[in-house]
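*Asks:* Please work out how this folds:
(2 chains)
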Amino acid sequence: MADRSGQKSKRKSRYTADRDVAGAFEGETMTRRGLMTGGALAAGGIASAAFGLPALGFAIGPLFEDQEPDQWQDVGPVSDFNTEAYVPRVINIVAEIGEAGKTTIYVRKALPSDKSPSDKPGVEPLPMVAISTRCAHLGCPVRYIQASQRFVCPCHGGVYDSQGAVAGGPPVRPLDRFYNRVRNGRVEIGDRFSLNSKLDRFKPRDPSNHLDGLWQYLYPSRPTT
Amino acid sequence: MKLPSPPLPKFLRPTPPRPGRDGNGDGNGAEPGRNGGTTTKEPGIAEKAKDVSVEGAAAAVGYVDERTGMSPFLRGFLYRKTPRGNTWFYTLGSATMFAFISQAVTGVFLAMYYEPDPARAYDSASHITNEVFLGEFVRGMHRWGSTVMIILIFLHMGRVFIFGAYKYPREINWVIGVVLLVLTMAMGFTGYLLPFDQRSFWATVVGVNINASGPVMGPYLADFLRGGAEFGQATLSRFYAIHMLLIPGLIAALIGAHLYLVSKLGTTAPPWIKAEKKKLHEEAI
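*Replies:* Purely as a prediction, here's the structure:
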């Protein structure tokens, strides 16, 4: 605006009257054109944000919601399970979407030696070891081979020992497990949890997320679960 | 005996002669639909229809052009000069665009039968293949067309790279092209899930978990793609929406920008075409 005045002064005055802006008021520091430009931009920004931010929140909202309700699924009487061999059971990870929401888990009775360091004196140790078949590498379904006592992943060659700890291949942490309890003589399966290489319990993480060493700080847990 | 013929519509009637051309006076004496009062041979109805259609088309084009001013733009776009030595390699970009158009058209029609519901997706996809008339053909075009588009976009990119067509002043067009490549790959990723068979399900599980393996943002990105912590109903709907609404819109807009810059900047000559030495010599002097 000021260059229109034709003045050669190096320092422009902050008052429009001093800059020879037509119709300037005394003490005015912003031209009316500048005010209208800024106002129009601000109004446009507010209008865009008014639909943009709700839409964005709508799309990323599930990150901040605990979508899995706390539910316990019955997988059979305690007498079905033993400490020696894993028994496969099918549970619902996501209800009401058919086959895509189901997954296989391997269940056996917990041994005294299965107590992980997180099973502190106050915390009741889990009665069962319920191992998720979701490979900790990229999420393919692992299978338990009784003869070799290994969990083997068909996709990229991940191998886990009978505790679900990594025995070979690309996985970055042991197989996930599920909380479980015994009610009225029946085994019930609850939420998923993840483990580090010492079999400490952590909040559930995605496959491929490290839980050991410095790496664990690069993979934050969900805000909610 | 001459049978009465139905009256011709006004636009098919012969134009009355201009006054004074054949000494027939003011021309109003010509009887419409008849001989027109001239002695020249009456043109056949086919010729007349042809003339009228040519005139009509010209009039329609003129009508639109007068109101939009399209013709200078179209002349500049369609008759732009190209350097010597154009080869078939220069058609790879257009070929990619037509692959996209084919994908868009077949995709719209596939969407008429497809149901993005985990319990129904596989059934509706096999319904398209096995029961809908030409369903296998249209789905096949979409399925193979996706591969063709990926191949063509890489060939086009290779052509641009090898010919050095990414250099000044076309850097921004190269950047837009790279974004288009990424979006096309994202189309492949999101579209792969939609048949919802074992292969597409597990491929998507692995693909989402590869996203999750990125440090810091990875887990959030994976949750965004899945619409939650676990693969479920939201995942399929979300992939479907991204596949058929979000990315196609972005691709169409960016193809527009890409083409605008192509027409603005022109194409490069192939590297084996040498600049004319004579001219350079003169300029050097």
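*Asks:* Going by C-alpha atoms from here, please, whenever you check contacts or count neighbours.
*Replies:* OK.
*Asks:* Quickly note the distance from A:A49 to chain B.
*Replies:* For A:A49, the distance to chain B (CA to the nearest CA, to the nearest Å) stands at 18 Å.
*Asks:* residues near A:A40, how many?
*Replies:* When neighbours are counted by other CA atoms under 10 Å in any protein chain shown, A:A40 registers 12.
*Asks:* per-residue pLDDT, it?
*Replies:* At A:A40, the pLDDT value in this model is 97.
*Asks:* just B:V105 next, same as before
*Replies:* On the pLDDT scale, B:V105 gets 96.
*Asks:* list the contacts for residue 218?
*Replies:* I'll assume chain A. Going by CA atoms under 8 Å, 6 or more residues apart in numbering or on different chains, A:L218 touches B:P215, B:V216.
*Asks:* that's the wrong chain, I wanted chain B
*Replies:* Listed by CA under 8 Å, 6+ apart, the contact partners of B:G218 are A:Y219, B:N211, B:A212.
*Asks:* could you redo the last one with a cut-off of 7 Å?
*Replies:* Contacts for B:G218 (CA atoms under 7 Å, 6 or more residues apart in numbering or on different chains) come out as B:N211, B:A212.
*Asks:* So which residues on chain A come close to chain B?
*Replies:* A:60, A:62-63, A:67, A:94, A:97-98, A:100-101, A:138-140, A:206-209, A:218-220 (CA under 7 Å from any CA of the partner chain).
*Asks:* go again using 8 Å as the cut-off
*Replies:* A:59-60, A:62-63, A:65, A:67, A:93-94, A:97-101, A:138-140, A:205-209, A:218-222 (CA under 8 Å from any CA of the partner chain).
*Asks:* which helices and strands does the helix or strand of chain A with the lowest mean pLDDT pack with?
*Replies:* Ranked by mean pLDDT, DSSP states H and E, the weakest helix or strand in chain A is strand A:201-202, scoring a mean of 86. Judged by 3 or more CA pairs under 8 Å, 6 or more residues apart in numbering or on different chains; DSSP states H and E, strand A:201-202 is in contact with strand A:186-195.
*Asks:* same for the strand it packs on, what does it pack against?
*Replies:* The elements that strand A:186-195 packs onto, with contact taken as 3+ CA pairs under 8 Å, 6+ apart, are strand A:73-77, strand A:177-183, strand A:201-202.
*Asks:* Go through those strands and pick out the most buried.
*Replies:* Mean neighbours per residue, mean count of other CA atoms under 10 Å in any protein chain shown, is largest over the helices and strands packed on strand A:186-195 for strand A:177-183, with a mean of 19.
*Asks:* quick one on the thing from earlier: now the least confident helix or strand of chain A, how far from the centre of its chain.
*Replies:* Strand A:201-202 sits 14 Å away from the centroid of its parent chain (CA atoms, centre = their mean, to the nearest Å).
*Asks:* That one pairs with which strands, and in what direction?
*Replies:* In the sheet containing strand A:201-202, its partner strands are strand A:186-195 (antiparallel), by DSSP bridges.
*Asks:* quick one: the partner strand to strand A:73-77, angle?
*Replies:* Using axes from the mean of the first three to the mean of the last three CA atoms, to 10 degrees, the direction of strand A:186-195 lies 120 degrees away from that of strand A:73-77.
*Asks:* how about strand A:186-195 as CSV, C-alpha atoms only?
*Replies:* Extracted in CSV, the C-alpha atoms of strand A:186-195 (Å, rounded to 0.1, in the frame of the first residue of the first chain):
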residue,chain,number,x,y,z
ARG,A,186,-15.3,-73.0,32.7
VAL,A,187,-12.5,-71.2,31.1
GLU,A,188,-13.2,-67.6,29.9
ILE,A,189,-11.0,-65.6,27.5
GLY,A,190,-10.7,-61.8,27.8
ASP,A,191,-8.7,-59.1,26.2
ARG,A,192,-5.4,-59.4,24.3
PHE,A,193,-2.1,-58.3,25.8
SER,A,194,1.4,-58.2,24.4
LEU,A,195,4.7,-59.4,25.9
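*Asks:* what separates it from the chain centre, distance-wise?
*Replies:* On CA atoms, centre = their mean, the centre of strand A:186-195 falls 18 Å from that of its chain.
*Asks:* ok and it relative to strand A:177-183, angle-wise?
*Replies:* 160 degrees.
*Asks:* Let me know the average pLDDT across strand A:186-195.
*Replies:* Strand A:186-195 comes out at a mean pLDDT of 91.
*Asks:* I would like the residues contacting it, please.
*Replies:* A:70-78, A:130, A:173-182, A:201-205, A:211.
*Asks:* of all the residues in the stretch 151-285 of chain B, which ones are close to chain A?
*Replies:* Going by CA under 8 Å from any CA, the residues of the stretch 151-285 of chain B near chain A are B:202, B:205-207, B:209-210, B:212-213, B:215-220, B:223-224, B:227-233.
*Asks:* got the end-to-end distance for stretch B:75-91?
*Replies:* End-to-end span of stretch B:75-91 (CA to CA, to the nearest Å): 20 Å.
*Asks:* And for stretch B:130-137?
*Replies:* Termini of stretch B:130-137 sit 10 Å apart (CA to CA).
*Asks:* Name the residues of that stretch that come out as buried.
*Replies:* B:G135, B:E136 (16 or more other CA atoms under 10 Å in any protein chain shown).
*Asks:* Residues contacting it, please?
*Replies:* Under CA under 8 Å, 6+ apart, the answer for stretch B:130-137 is B:I128, B:T129.
*Asks:* Report the central residue of chain B.
*Replies:* Geometric centre of chain B, nearest residue: B:I101, 4.9 Å, by CA atoms, centre = their mean.
*Asks:* Where do the helices of the stretch 1-150 of chain B begin and end?
*Replies:* For the stretch 1-150 of chain B, the helices defined by DSSP state H, counting those that start in this stretch occupy B:45-68, B:70-78, B:92-110, B:121-130, B:135-162.
*Asks:* repeat for chain A
*Replies:* Assigned by DSSP state H, the helices in chain A fall at A:32-60.
*Asks:* Output the below-cut-off pLDDT ranges for it.
*Replies:* A:1-10, A:66-70, A:115-124, A:225 (pLDDT under 70).
*Asks:* in it, which spans are strands?
*Replies:* For chain A, applying DSSP state E gives strands covering A:73-77, A:87-92, A:102-109, A:128-132, A:143-145, A:150-152, A:159-160, A:166-168, A:177-183, A:186-195, A:201-202.
*Asks:* Could you look over those strands and pick the most buried one?
*Replies:* strand A:159-160 (a mean of 26).
*Asks:* strand partners of that one, parallel vs antiparallel please.
*Replies:* strand A:150-152 (antiparallel), strand A:166-168 (antiparallel).
*Asks:* So what's the gap between the last one and the chain middle?
*Replies:* Chain-centre distance of strand A:166-168: 24 Å, with CA atoms, centre = their mean.
*Asks:* Quick one: buried ones out of the residues of the stretch 151-285 of chain B next to chain A?
*Replies:* B:202, B:205-207, B:209-210, B:212-213, B:215-216, B:218-220, B:223-224, B:227-233.
*Asks:* Just the ones of those residues in helices?
*Replies:* B:202, B:205-207, B:209-210, B:212, B:218-220, B:223-224, B:233.
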